[in-house]
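Enquirer: I would like the atomic coordinates for the input below:
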Amino acid sequence: MNWDMIEGKWKEYRGKAQAQWGKLTDDDLDVINGRRQELAGRIQVRYGVEKEEAERQIDEWSRY
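Expert: The predicted structure follows:
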């Protein structure tokens, strides 16, 4: 899926993101606001993973 589409419809996708990454808070999701780099950063902080792993997870999630 095209990231521009996710960013444009973030209100629809934020629930799916929270289901995927349950440690993300509502405040995190508000700050992310569809921005991929912000999502990656929040995943890194909440899950203690490297940037490459966060990006891999986002790539996998955004395919569906």
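
Enquirer: so residue 43 touches residue 21, yeah?
Expert: Yes. Using C-beta atoms under 8 Å, residue 43 is in contact with residue 21, at 5.9 Å. In this view, the C-beta of every residue, glycine as well, is placed from N, C-alpha and C.

Enquirer: not counting its neighbours along the chain, what's nearest residue 38?
Expert: Spatial nearest neighbour of residue 38, chain neighbours left out: residue 32 (4.5 Å); criterion: C-beta to C-beta, 6 or more residues apart in numbering.

Enquirer: the one you found: neighbour count?
Expert: Around residue 32 there are 21 other residues, counting by other C-beta atoms under 10 Å.

Enquirer: contacting residues around residue 17?
Expert: By C-beta atoms under 8 Å, 6 or more residues apart in numbering, residue 17 lies in contact with 24, 29, 32, 39, 61.

Enquirer: residues contacting the second one?
Expert: In this case it means residue 29. The contact partners of residue 29, taken as C-beta under 8 Å, 6+ apart, are 14, 17, 18.
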